[in-house]
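S.K.: Predicted model and sequence follow; I will ask about them next.
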Protein chains: 2
Amino acid sequence: MSLDSARALVAADLAAVETKMAQAVGKSDYAPLADALQGLVRSGGKRVRPTLTLLAGRFYPPTQHHHLISLAAAIESLHTATLVHDDVVDGALLRRGKSTLNALWMPSSTIMAGDFFFARAAGLVAETEHPRVIRLFAQALQIIVDGELRQAFSMRDWSQPKGSYYERIYGKTAALLELATQSPSVLGEAPPEHEQALRRFGHHLGMAFQIIDDILDFVADAQTLGKPAGSDLRAGIITLPVYYYIQQPARRDAMVSLIDGHRTGDEVVDEVVRLIRESDAIPQAHAEARSFSEKAIAELMALPSAPQRDALADVARYVVEREF
Amino acid sequence: MSLDSARALVAADLAAVETKMAQAVGKSDYAPLADALQGLVRSGGKRVRPTLTLLAGRFYPPTQHHHLISLAAAIESLHTATLVHDDVVDGALLRRGKSTLNALWMPSSTIMAGDFFFARAAGLVAETEHPRVIRLFAQALQIIVDGELRQAFSMRDWSQPKGSYYERIYGKTAALLELATQSPSVLGEAPPEHEQALRRFGHHLGMAFQIIDDILDFVADAQTLGKPAGSDLRAGIITLPVYYYIQQPARRDAMVSLIDGHRTGDEVVDEVVRLIRESDAIPQAHAEARSFSEKAIAELMALPSAPQRDALADVARYVVEREF
């Protein structure tokens, strides 16, 4: 299972989204800056979000097709903006095996580059000229930023309930995937029950996606990850594998004293990462991701049978099967 | 001349804007964070931008008055967001004599706080549900961010033309003031010639406003400024007084060798600040600010005679007469 078949279905539109994003960035006057920003656009990962938007947009095509392209480009630009700022917030030096802007630039430049993509995202979504789509976009942005703050305020809180983790990954990932699948149906004036089915599909998919990311942070090797394993734990962020691991009080006490105690070197975290990786916490978290993926696929049954429906189901399967 | 009479004319609406902004911020779950963000809202300076929006909105009141309140709150929130991020970019520790977030928080928190206000601004402007207003808002945001990047890339470029300074202060200040006076007339469906007169009024006012700010950075004392004099020059930013000062080649050579040379201590900059302050560069820059203010007032003549027209003219006079 890969994203290839889903992407193939909307290949021409994906190319239009790439062009749109490159154009939006190309407007900067300064060559070294334009190069850096174009590099950020091009390095753009798997394009999961625009693929989802373009597929979801096939059920009820908007009157003006270019509005859908602008919307997909807006959502991906917002994703880029949050990645750039996250790298400053996390102090991350590597992402997908490449140096982040944060490692190469001053923090101030990275802030400006993130703001640049926020501004472009705002400009692109405004091109849809659809008030409700714009409101949903602004709401998602607020949820994402609130989630980032929530994460900052819940670091190393070992007794937080599972609901806190859910809230955080909703802000971190699911809110934007929800927007990616709901907003094109709003643009196309889909009936409310289909709009809501697509919204819930995106939500469940986003939850599955982030849980798998959080698992891979423990089980994938550093080369595949493009960064050291256990980086969230090193930063004090409690993800689902950690949550399950510390449900046994003895484990929790041992881990907390290791991490919060005086022995905070890399080797200590390496040892904790190994313990979690080999524990039952990983299959428990994986079962939960699969459950979200299945719920996502079930939502699709409310929608008309169509190639894009099969492709969306493929994406939901891919998300829990992927190894990077 | 003060802003009091202009503010008095829209006092009830300004209070509604304050409430709107406080509500938008109050949505954060974490008490220490909510306190900090509310503090940022409350510390909010002279409220020049919402005052302008509310006055300009009186010529052609929108069908839904609350859209005007949302728009004014959106513009002021965007202003707050850019101030917060600017303080990280500039490494500023003091603003209006108070510690900046940057001085109190980690840079990461400051980035998130700025993003928080960006998100709130996007949510507030989306409440207007007016596609063209939203597009103007997004355009202004792009110009502001581009201006910030432009400034970063033109540091210590002593041979830049005067046009570069104009472009930068347009992005830094005039683009948002232009939005503040144009967008309410778009919301109220004003005839194009009145919309454009209000836009140009905001533009010229913004240029005058920033030139005066740049003059005050040299002539006001540190206590009035709430930060050390010459702070832009210390950061390598060339403003209009500097531009005029270095038009004499001998002065330029002396200054460049002082600032770019090895003697870069505070005392060296103090000396340059004193030289500029006592030179003809200050009255030259001041004449230019007055000229922009007069052009702004002239634009108002295209608009119907009304109390808000007189109040806007008062703001344009205040902007060049103010001493802080």
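M.R.: Looks like it came in fine. Numbers count the residues shown, from 1 in each chain, chains lettered A, B, ... in the order given.
S.K.: okay, CA-based contacts and neighbour counts for the rest of this
M.R.: Noted.
S.K.: So the helix or strand hosting A:Val125, near chain B or not?
M.R.: For A:Val125, the host element (DSSP states H and E) is helix A:107-126. Yes - remark: helix A:107-126 sits within contact range of chain B at A:107-109, A:111-112, A:115-116, A:119-120, A:122-123, A:126, by C-alpha under 8 Å from any C-alpha of the partner chain.
S.K.: Compute the first-to-last residue distance for stretch A:117-134.
M.R.: The straight-line separation of the ends of stretch A:117-134 (C-alpha to C-alpha, to the nearest Å) is 16 Å.
S.K.: which residues sit against it?
M.R.: Under the contact criterion C-alpha atoms under 8 Å, 6 or more residues apart in numbering or on different chains, stretch A:117-134 has outside partners A:24-25, A:67-68, A:70-71, A:73-78, A:80-81, A:137, A:183, A:186-187, B:122, B:126, B:129-132, B:134-135, B:138-139, B:141-142, B:145.
S.K.: pLDDT averaged over it - what is it?
M.R.: Taken as a whole, stretch A:117-134 carries a mean pLDDT of 96.
S.K.: how far out from the middle of the chain is it?
M.R.: Counting by C-alpha atoms, centre = their mean, to the nearest Å, stretch A:117-134 is centred 19 Å from the centre of its parent chain.
S.K.: now swap in stretch A:181-194 and tell me
M.R.: Stretch A:181-194 sits 21 Å away from the centroid of its parent chain (C-alpha atoms, centre = their mean).
S.K.: With stretch A:124-141 instead?
M.R.: Taking C-alpha atoms, centre = their mean, one finds the center of stretch A:124-141 at 19 Å from the center of the full chain.
S.K.: Just the buried residues of it, please?
M.R.: Using 16 or more other C-alpha atoms under 10 Å in any protein chain shown as the burial criterion, the residues of stretch A:124-141 that qualify are A:124-131, A:133-141.
S.K.: re the thing from before, and the angle for whatever helix or strand comes next after the helix holding A:Val125 with helix B:107-126?
M.R.: Counting by DSSP H and E, the next helix or strand C-terminal to helix A:107-126 is helix A:131-153. On the basis of axes from the mean of the first three to the mean of the last three C-alpha atoms, to 10 degrees, helix A:131-153 is oriented at 160 degrees to helix B:107-126.
S.K.: rewinding a little: make TSV from the residues of helix A:107-126 next to chain B and add distance to B:Gly236 to it.
M.R.: Formatted as TSV, the residues of helix A:107-126 next to chain B follow (distance: C-alpha to C-alpha, whole Å):
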residue	distance to B:Gly236
A:Pro107	18
A:Ser108	15
A:Ser109	16
A:Ile111	19
A:Met112	18
A:Asp115	22
A:Phe116	22
A:Ala119	26
A:Arg120	28
A:Ala122	31
A:Gly123	31
A:Ala126	35
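S.K.: Please, which helix or strand holds A:Ala73?
M.R.: Here A:Ala73 is covered by helix A:65-90, with elements defined by DSSP H and E.
S.K.: Who are the packing partners of that helix?
M.R.: Under the contact criterion of 3 or more C-alpha pairs under 8 Å, 6 or more residues apart in numbering or on different chains; DSSP states H and E, helix A:65-90 touches helix A:11-25, helix A:48-56, helix A:101-104, helix A:107-126, helix A:175-187, helix B:107-126.
S.K.: residues contacting A:Leu176?
M.R.: By C-alpha under 8 Å, 6+ apart, A:Leu176 lies in contact with A:75, A:79, A:140, A:144, A:206.
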